[in-house]
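Visitor: can you look at this prediction? I've put the sequence above it.
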Amino acid sequence: MAELGLDAVFISQPQNRRYLSGFTGSNGYLLITASEAVIATDFRYYEQAAQQAPDLRLFQATGPMEGWLPGLLTAAGDLGGKRLGFESADLTFLLYRTIRKAVEALSAGQRPRMIATTNLVEDLRAVKGPEELTAIQAAVDLADAALRDVAERIEPGWTEKQAAWEIEKHMREHGGEAVSFDTIVAGGPWGAMPHAYPRDRALEQGEMVVIDMGVRLNGYCSDLTRTLFLGKPDDRFKKVYDVVLGAQLTAEELVQAGMTGEEAHNLAHRVIEEAGYGENFGHGLGHGVGLAVHESPRLARESKDVLVEGMVVTIEPGIYVTGWGGVRIEDMVVIQNGRARVMTHAPKLLGTGGG
């Protein structure tokens, strides 16, 4: 706040609120000044907020925001003419107008000046502390176990939806709070879409299956992709799979602190491009993972984000061919001692279902 010349900040983004306060409820806002931090939430979460954020002052937000926000601003002390930062990337236009209306309801001498901020908390969240790394590793381990379980049992005749449910069921039954995102299971040509959704279609012998999955555990997320083959892999699949695996292993070996996201991306992209599939790798190499499954930094073309010690990112190159299918292999790594330490331990399986 001092570096940006801010006298106070209004935190509305849910993961940022949790990161700063420990409060996990679905409704709440933080107002932070140089001298105190206040958490505003409604009756449903008041007791929970008191337990999870004991060092913050509680403010009960009753009714529409324009009714209680002026009181919150005045309760935080003299903010008249002061610089109040808000999270510009999180607010809808409607919410922004509501906040402006609340500010304008104050007397002229009490009104703060609203200052848009970007990534104020997200940049702090990008670097994980020891407790966060422990929580993330637990989520990674649970996803690994679920993948192993389903990979050993999946067979032709299972539908994509059935495979996705079996994955989620395992994670839920072993402590998972929720999936990090809707599980992707894509058989055959459907795998050519990086973000395909599972269908009622039955998986068939002799086709690839892309599985992209993750779990949220203790608030932290994991992200894992493996590409299986039902039966004996054919030569084309082997070739594409080997290129993707080579690109991934190259990136995991050579990624280091100080690189930009673009430099990291290019480590894998060059391998795929030299194999003749450059145009078939259209997404970024990876992204940060933490309280959200997609957060800073970005590993992608034109990303100037710099990798530093303590960041957790995915390494997930892929090749996608319309009408044929796709191969993606994804691990999570942490930048530690200047290099990428792989956190994911699920086998990089080629065949299953008797193959």
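Guide: It's in. Numbering: from 1, shown residues only.
Visitor: going forward, measure contacts and count neighbours with C-alpha atoms only.
Guide: Fine.
Visitor: tell me the domain boundaries of this structure?
Guide: Per automatic domain parsing, the structural domains of the chain span 8-125, 130-342.
Visitor: now the last one, how far from the centre of its chain.
Guide: What it means is domain 130-342. 13 Å (C-alpha atoms, centre = their mean, to the nearest Å).
Visitor: how many residues are close by Gln256?
Guide: 22 (other C-alpha atoms under 10 Å).
Visitor: quick one: low-confidence parts of the stretch 201-350 of the chain?
Guide: For the stretch 201-350 of the chain, the stretches with pLDDT under 70 are 349-350.
Visitor: can you give me the strands in it?
Guide: Using DSSP state E, counting those that start in this stretch, the strands of the stretch 201-350 of the chain run over residues 208-213, 215-217, 220-221, 224-229, 286-288, 295-299, 312-315, 318-321, 325-328, 331-336, 339-342.
Visitor: picking that back up, among the domains of the chain, which is nearest Met1?
Guide: domain 8-125 (7.3 Å; C-alpha to C-alpha).
Visitor: gap between the closest one and the chain center?
Guide: So, by C-alpha atoms, centre = their mean, the centroid of domain 8-125 is 24 Å from its chain's centroid.
Visitor: what mean pLDDT does that domain have?
Guide: The pLDDT scores in domain 8-125 average 95.
Visitor: end-to-end on it?
Guide: Domain 8-125 has an end-to-end distance of 19 Å (C-alpha to C-alpha, to the nearest Å).
Visitor: wait, is Lys101 part of a helix?
Guide: Yes. Looking at Lys101 with DSSP: H, G, I helix; E, B strand; the rest coil, it is inside a helix.
Visitor: ok, now which ones touch it?
Guide: Residues in contact with Lys101 (C-alpha atoms under 8 Å, 6 or more residues apart in numbering) are Glu66.
Visitor: and it, how far is that from Lys82?
Guide: Lys101 is 17 Å from Lys82, by C-alpha to C-alpha.
Visitor: next one: Ala105
Guide: Counting by C-alpha to C-alpha - Ala105 and Lys82 are separated by 16 Å.
Visitor: quick one, helices of this protein?
Guide: Listed in chain order, the helices of the chain (DSSP state H) span 14-21, 46-52, 65-75, 93-104, 122-125, 130-153, 160-173, 235-254, 261-274.
Visitor: which positions in the third one come out as buried?
Guide: Across helix 65-75, burial judged by 16 or more other C-alpha atoms under 10 Å covers 66, 68-70, 72-73.
Visitor: need the domains of the chain in a markdown table with distance to Met1, can you?
Guide: Formatted as a markdown table, those follow (distance: least, C-alpha to C-alpha, whole Å):
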| stretch | distance to Met1 |
| --- | --- |
| domain 8-125 | 7 |
| domain 130-342 | 20 |
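Visitor: look up phi and psi at the closest residue to Gly214 other than its chain neighbours.
Guide: Nearest residue to Gly214, sequence neighbours excluded (C-alpha to C-alpha, 6 or more residues apart in numbering): Asp223, at 4.4 Å. Main-chain dihedrals, Asp223, degrees, to the nearest 10: phi -150, psi 120.
Visitor: tell me which residue is most central in the chain.
Guide: The residue lying closest to the centre of the chain (C-alpha atoms, centre = their mean) is Val293, at 1.5 Å.
Visitor: that residue: what's it in contact with?
Guide: 180-181, 221-223.
Visitor: now those residues as CSV including distance to Asp144?
Guide: Converted to CSV, those look like this (distance: C-alpha to C-alpha, whole Å):
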residue, distance to Asp144
Ser180, 14
Phe181, 16
Cys221, 13
Ser222, 9
Asp223, 10
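Visitor: name the member of those with the most neighbours.
Guide: For the contacts of Val293, neighbours tallied by other C-alpha under 10 Å; top is Ser222, 32 neighbours.
Visitor: how about the contacts made by that one?
Guide: Contacts of Ser222 by C-alpha under 8 Å, 6+ apart are 136, 139-140, 143, 180, 214-216, 289-290, 293, 332.
Visitor: contacting residues around Arg111?
Guide: Contacts of Arg111 (C-alpha under 8 Å, 6+ apart): 79-82, 103-104.
Visitor: nearest to Thr118, of those?
Guide: Once C-alpha to C-alpha is applied, the member of the contacts of Arg111 that ends up nearest Thr118 is Lys82, at 18.6 Å.
Visitor: pretty sure the closest one contacts Arg113?
Guide: Yes. Applying C-alpha atoms under 8 Å, one finds Lys82 in contact with Arg113, separated by 5.8 Å.
Visitor: can you count the residues close to His195?
Guide: Counted with other C-alpha under 10 Å, the neighbours of His195 add up to 14.
Visitor: what count of nearby residues applies to the closest residue to it other than its chain neighbours?
Guide: Counting by C-alpha to C-alpha, 6+ apart, His195 lies nearest to Ile184, which is 7.0 Å off, once chain neighbours are set aside. Using other C-alpha under 10 Å, the number of residues around Ile184 comes to 24.
Visitor: now Ile184: how far from Pro347?
Guide: 18 Å.
Visitor: now swap in Glu253 and tell me
Guide: Distance of Glu253 to Pro347, computed by C-alpha to C-alpha: 18 Å.
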